[in-house]
Every structure is written in structure tokens, then in C-alpha cells.
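K.L.:
Here is the input, now give the coordinates:
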Amino acid sequence: MGNKQIESIQKTSEETKQILLEQLEQIDSIHYSRLMQKYPLGYCLFAIEHKEIIIPYKSRLESEFEIIWNKAKVLELTAKKVRIQLPDIHDNISGIKIENNRTVIARRVGSIFGVFGGPRYRILTEVVANSEKGVIVALGFK
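P.N.:
All right, here's what the predicted structure looks like:
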């Protein structure tokens, strides 16, 4: 593979990342009220592109939750499903640590999968956008 092809692939990947980051910002801005209604304890949006998870510039979570992204990764991304290793989640009030959680979710807008359910809250993953560039997922708390 020549240097020009490598540069083109890298450029396309960076362009795709930028497109997904812009989509994250748009979804957060346009759907903020709906997402906060659905997830009253907050949410965090992230985009998946091939084997990378892109963390957005901010999350809408209450301070009681800490999201640790270093273990999050894409395990499989096909035309029909997304399989991911979720970030670790620490509940700063109760001390509960939700770690090493994996989820499979259908790759279509509106697909929801429950990650954790406890006495005070539930954590869900929801596909909020899907395109050939990638998938945008909400990690919602209610």
C-alpha cells in the first residue's frame, strides 16, 4: 500500500470522526429535553466508528455517577448489531461499581438494552442515530 493510500485512509477516518462528533453535538442540542425526560438522572452520548469509541465533549450526568472510559471498546460492529464493552460506572453515593459489562444492541434507532437495574436507578443503552459513518448511543440513567 502506497503512502498516498495510507494518508487517504487516515484522512477519511479523521473526517468520519469529525462528522460523528458534530452529530453528537447536534443530537445533544436538539434532543436534550427528550433525553432528559427519558433519563432524568442524566445520560452520556458516545459514537462508535469501526473499532473505536469516541467520547463526546461533555456528558449530562448527575455528579453521583462517574464514567470511566478506559475499558470501553467496540467488540463487534455489523450492519445489524453493536456489541460493546461498556465503560465502568461508579455510583459515588452508594459505592456500587458496575464494571466489565458487555452489551449487544440492535443497530437501529430506538433499540434499547438494559445494562443494570438497582433499587435507586436503571442504566440503559439506546441507539439514537445510525448511519454508514457509525452509531451514536446514549448511556441513560433513570
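K.L.:
Show the model's pLDDT score for residue 3.
P.N.:
pLDDT, residue 3: 38.
K.L.:
quick one: average pLDDT of the strand or helix carrying residue 47?
P.N.:
Per DSSP states H and E, residue 47 falls inside strand 42-49. Confidence for strand 42-49, expressed as mean pLDDT, is 91.
K.L.:
CA atoms of it as PDB?
P.N.:
The C-alpha trace of strand 42-49 is given here as PDB (Å, rounded to 0.1, in the frame of the first residue of the first chain):
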ATOM      1  CA  GLY A  42     -28.800  12.100  33.000                       C
ATOM      2  CA  TYR A  43     -27.100  10.500  30.000                       C
ATOM      3  CA  CYS A  44     -23.800  10.400  28.100                       C
ATOM      4  CA  LEU A  45     -23.700  10.100  24.400                       C
ATOM      5  CA  PHE A  46     -20.900   8.300  22.500                       C
ATOM      6  CA  ALA A  47     -20.200   7.500  18.900                       C
ATOM      7  CA  ILE A  48     -19.000   4.200  17.600                       C
ATOM      8  CA  GLU A  49     -17.000   4.000  14.400                       C
END
